[in-house]
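K.L.:
output the structure for:
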Amino acid sequence: MAAEALPRAPWTFLTSHARVLLVLAKDPEVRLREVAATCVLTERTVQTIVADLEQEGYLTRVRTGRRNHYRITPGAKFRHPAEAGRDIAGLLALFEDNPPPAPAARTARREAQRA
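P.N.:
Down below sits the predicted model:
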């Protein structure tokens, strides 16, 4: 009798903390309920993640009337030793709506400007 392969658990490249940080960076006034829906997490999990990110200095929460406004600290460093010394600004830039042009495009543009 051949052993049946067990289904593999899905995995992703980004952690829930990274996803929450990216959503808050994109819309600093978003409600945590909306963050939870976007990240496919519970609202309570998002609250815990925001508290973690705030405690570690990745963001600050500012109360504006009845809403929170989240300010990301782009100079904050990654926690894992493999990424030590790198700040999160690179990650945030990678997921911007208008990412910087690819290196080849920048080079071509510079050459065209010189001509």
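K.L.:
in this protein, where is pLDDT below threshold?
P.N.:
1-3, 98-115 (pLDDT under 70).
K.L.:
pick out the residue closest to the middle of it.
P.N.:
Nearest residue to the geometric centre of the chain (CA atoms, centre = their mean): Leu22, 2.8 Å.
K.L.:
distance of that one relative to Ala5?
P.N.:
Separation of Leu22 from Ala5 (CB to CB, to the nearest Å) stands at 34 Å. Every C-beta, even on glycine, is put in place using the N, C-alpha and C of the backbone.
K.L.:
what's the local residue count around the closest residue to Asp97 other than its chain neighbours?
P.N.:
Nearest non-adjacent residue to Asp97, counting by CB to CB, 6 or more residues apart in numbering: Lys26, 7.5 Å away. By other CB atoms under 10 Å, 14 other residues sit near Lys26.
K.L.:
what of the one 4 residues further on?
P.N.:
A count of nearby residues for Val30, using other CB under 10 Å, gives 16.
K.L.:
how about Pro81?
P.N.:
7.
K.L.:
ok, Arg71 next?
P.N.:
12.
K.L.:
wait, is it part of a strand?
P.N.:
Yes: per DSSP: H, G, I helix; E, B strand; the rest coil, Arg71 lies within a strand segment.
K.L.:
for it, which non-adjacent residue is closest in space?
P.N.:
Thr60 (4.8 Å).
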